[in-house]
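J.: please work out how this folds:
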Amino acid sequence: MIEEQLTARGIRDQAVLQAMHKVPRELFIPQELIEFAYDDSPLPIGYQQTISQPYMVAFMSEILQLDKNSKVLEIGTGSGYQAAILAELGGDVYTLEIIKPLGQQAKKLLYELGYHNVHFKIGDGYEGWAEKAPFDAIIVTCAPSHIPQKLKDQLKEDGRMILPVGEKNQQILYLLEKKNDMIVEKSVFPVKFVPMTNTKGSIY
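T.: Predicted structure coming up:
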């Protein structure tokens, strides 16, 4: 996975590569899919959600430019795999999941693995986590139809946010940077993520 999917496709950050090497991806997927754990593709984890392909996890982690002092907000805990990678890279990870069973399962697993710098909340990712803001970095692993203003507001000066934006079959990954209290947006490449939904299951 490291050589063929990550370094071969341009992932260079050694901390990211080490984190991807250290975190056992097979622990974060359903038992019946273990044989596909390191395939170059997303995998279903139940509740119509997925664990992102390894390259996407690495790319989104690398582009945030994290260090051990970083305070990171993750929208969409899912299996907890991305949160584990972030926990290896950053100081404190605040992760938010709208589907309660997934959030609880991820919390149990990450605590068992010793990731005590990950903080969990069950709630609507569109709202962010205002009481813990501002954040040095924000990563969104589900796609809203537009960039939520509240997430922009919760980004620290010089902070970075990476997120997919768009409808089901027309999504673009965007990198946002806050400079002089202004948001600079840059499109990265087309992607396909599960949609961001509210507590009633409606798509944002």
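
J.: how about the lengthiest helix in the chain: buried residues?
T.: As assigned by DSSP state H, the longest helix anywhere in the chain is helix 100-112. Applying a neighbour-count criterion of 16 or more other CB atoms under 10 Å, the buried positions in helix 100-112 are 102, 103, 105, 106, 107, 109, 110. Yep, even glycine has a C-beta here, placed from its N, CA and C like the rest.

J.: direction included, what does whichever strand in the chain runs longest pair up with?
T.: Here the longest strand in the chain is taken by residue count, with DSSP state E as the criterion, and it is strand 155-167. Applying DSSP bridges to the sheet, strand 155-167 is found paired with strand 135-140 (parallel), strand 170-179 (antiparallel).

J.: just name the most buried of those.
T.: By mean neighbour count, with neighbours taken as mean count of other CB atoms under 10 Å, strand 135-140 ranks first of the strands paired with strand 155-167 at a mean of 25.

J.: contacting residues around it?
T.: 60-61, 64-66, 69-76, 82, 86, 90, 94, 125, 128, 151, 154-156, 159-164, 196 (CB atoms under 8 Å, 6 or more residues apart in numbering).

J.: swap in 6 Å and give it another go.
T.: Taking contacts as CB atoms under 6 Å, 6 or more residues apart in numbering, the residues outside strand 135-140 that touch it are 60, 64, 70-75, 151, 154-156, 159-163.

J.: tell me the phi and psi of residue 17?
T.: Recorded main-chain torsions at residue 17 are phi -60, psi -40, according to degrees, to the nearest 10.

J.: mind checking how far it is from residue 32?
T.: 29 Å (CB to CB, to the nearest Å).

J.: with residue 176 instead?
T.: Residue 176 sits at a distance of 37 Å from residue 32 (criterion: CB to CB).
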